[in-house]
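> Here you go, sequence then predicted model.
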Amino acid sequence: MKRRLSLVPVAIFTIFFLLLNAYALGGLQVLAPQTYVQPIFWLVVAVIVVLMITAVIRLQSREPDQFFMLAVHAFIMFFASELLFVVVLLLNDSYRLINAGFHHFIFPPRAIVAVEIGLALFLFLFFAFLYGMLWGKYAYRVIKHTLYFDDLPKAFDGFTITQISDVHAGSFTNPNEVQKGIDLIKKQHSDLFVFTGDLVNNKAEEIKPYIGHFSQIKAKYGQFSILGNHDYGDYVKWENDLIKKGNLQQLKKYHQELGFRLLLDEHVELEKEGEKIILAGIENWGLGFGERGDLQKALINTKTDEFKVLLSHDPSHWEAQVKNNPSKIHLTLSGHTHGMQFGIELFGIKWSPVSLRYKHWAGIKEENGRILNVNRGFGFIGFSGRVGIWPEITVIELKRK
């Protein structure tokens, strides 16, 4: 498969990267003015640039391989950490400029403490990325929510649901670590298990080595699943549409082998002690990621006031069609965002770059008497790691007020 490479954006970014490094070196030399610092620094930069350019060129004629992933991750770790260092330098230089007066051309020297703080932040973020790549991506967390509803059928008071999302099996490299996540799911002993999409990155075959792992998951009221945007194979080039459609059909068969009932714009009734709730699932519907799902079809023959749980991969669907739907959907379970696999959730602070794209990107949100939960994802894609936003197993207990 031959891809066309545009050299203009590559050249522009390379120039930007080199200028950024020249500025960073100016700050670094405040602490280490020795002549050997400069050649060592530029040697490191040159190695990263050569790795990245080589990886991009190789990508024109082959699928991403281990070399490509190595180059990309080396670049991400260095570039993101250096940006933090540069931000500190810019703040210090802005202060120097203001302190000196805009009409002067001679500024006070850079504060050593500012450079030290910047370097400390560089090292912190660099090693945080390293931790996220080696251990963080398999650091599974069980997050529990107890949700209260006025109209929950009495028989379902205390009913528990375990949710995972975004497995992205093609990214896994350590089956033993994946098994630890499966064991955590099994320990929850929930009444119902649901998976909210993106079983693979692109191709159905990616889940095959892990069928034995995920097929261990069992729940009294069943295991149900939906498709996510990556499951349709839209992000790779296929020889023809027939092969692409065949890939999707094979993926649906793998859901069966996993013991998952795949809901495709449809619903089922879960019965307990003569009462019922509706569990509906739609195909992927997401702004910018394919609007395939048909919510009205999934809810056909259901009553407006029946208690409903909806599986919908992309949380933008909840904003667009669910929270104000005439048919009350009490609880929607989504995924998709991964929390961008990078962010902070400490001391009351909750932030990730993905917040710039999604109004609600992780955890519980309630509006208009409807509740949404966005799972942070079980797997990972793109960046082979997680920093601050850990892989999640959600356990939800339904309670009657």
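Nice, I can see it.
> from the chain's centre, how far out does stretch 188-198 sit?
Here stretch 188-198 is found 18 Å from its chain centre; the criterion is CA atoms, centre = their mean, to the nearest Å.
> again, but for stretch 146-162
So, by CA atoms, centre = their mean, the centroid of stretch 146-162 is 28 Å from its chain's centroid.
> again with stretch 124-140
15 Å.
> Next: stretch 293-300.
For stretch 293-300 - counting by CA atoms, centre = their mean - the centre lies 26 Å from the chain centre.
> One more: stretch 394-401?
Counting by CA atoms, centre = their mean, stretch 394-401 comes out at 24 Å from the chain centroid.
> in it, what's buried?
Neighbour counts over stretch 394-401 (16 or more other CB atoms under 10 Å) mark 394-398 as buried. For every residue, glycine as well, the C-beta is placed using N, CA and C.
> so after the helix ranked longest in the chain, what's the next helix or strand?
As assigned by DSSP state H, the longest helix anywhere in the chain is helix 66-100. Downstream of helix 66-100, the first helix or strand assigned by DSSP states H and E is helix 112-134.
> and stretch 74-90, what's its mean pLDDT?
Mean pLDDT, computed over stretch 74-90, is 93.
> what does stretch 229-240 give?
95.
> Also stretch 110-119?
89.
> Residues in contact with it: which ones?
With contacts defined as CB atoms under 8 Å, 6 or more residues apart in numbering, stretch 110-119 is touched by 27-28, 30-31, 84-89, 91-93, 96.
> ok, 6 Å please
With contacts defined as CB atoms under 6 Å, 6 or more residues apart in numbering, stretch 110-119 is touched by 27, 30-31, 85, 88-89, 92.
> Select from those the one having the most neighbours.
Counting neighbours by other CB atoms under 10 Å, residue 85 leads the contacts of stretch 110-119 with 24 neighbours.
> re earlier: which ones among the buried residues of stretch 394-401 lie within strands?
Counting by DSSP state E, those place 394-398 in strands.
> tell me which of the residues you listed is nearest to residue 153?
The nearest member of those to residue 153, counting by CB to CB, is residue 398 at 9.4 Å.
> Quick check: phi and psi at the spatially closest residue to that closest one that is not a sequence neighbour.
Closest residue to residue 398 apart from its sequence neighbours, by CB to CB, 6 or more residues apart in numbering: residue 159 at 4.6 Å. Backbone geometry at residue 159, expressed as degrees, to the nearest 10, gives phi -70, psi 130.
> Around residue 159, how many other residues sit close by?
Residues near residue 159, counting by other CB under 10 Å, number 22.
> pretty sure it contacts residue 397?
No. If you go by CB atoms under 6 Å, residue 159 and residue 397 don't touch, sitting 7.3 Å apart.
> can you list the weak-confidence ranges in the stretch 251-400 of the chain?
For the stretch 251-400 of the chain, no stretch has pLDDT under 70.
> Tell me which stretches of it form helices.
Using DSSP state H, counting those that start in this stretch, the helices found in the stretch 251-400 of the chain span residues 295-298, 316-317.
> out of those helices, nearest to residue 145?
Distance to residue 145, taken as CB to CB, is lowest for helix 316-317 among those, at 19.9 Å.
> could you say what helices and strands that closest one packs with?
Applying 3 or more CB pairs under 6 Å, 6 or more residues apart in numbering; DSSP states H and E, one finds that helix 316-317 contacts no other helix or strand.
> how far is that helix from where the chain is centred?
Worked out by CA atoms, centre = their mean, helix 316-317 lies 16 Å from the chain centre.
> And stretch 190-205, what's buried?
190-204.
> let me fix that: stretch 114-130
Buried residues in stretch 114-130, counted by 16+ other CB under 10 Å: 114-115, 117-119, 122, 125-126, 128-129.
> Go through the ones in strands among the buried residues of stretch 394-401 and name the one nearest residue 327.
Top of the list for closeness to residue 327, among these and by CB to CB, is residue 398 at 18.7 Å.
> I'd guessed that closest one sits against residue 157; true?
No. Taking contacts as CB under 6 Å, residue 398 lies outside contact range of residue 157: 7.2 Å.
> Next up, the contacts around residue 244.
Residue 244 neighbours (CB under 6 Å, 6+ apart): 233, 238.
> Just give me the neighbour total for residue 218.
Applying other CB under 10 Å, we find 12 residues neighbouring residue 218.
> What distance do you get for the residue nearest to it when sequence neighbours are not counted to residue 193?
Among residues not flanking residue 218 along the chain, residue 259 sits closest, at 7.1 Å (CB to CB, 6+ apart). Relative to residue 193, residue 259 is positioned 9 Å away (criterion: CB to CB, to the nearest Å).
> what do those two both touch?
residue 223.
> domains in this protein, as residue ranges please.
7-134, 141-400 (automatic domain parsing).
> most tightly surrounded among these?
The highest mean neighbour count among the domains of the chain, using mean count of other CB atoms under 10 Å, belongs to domain 141-400: a mean of 19.
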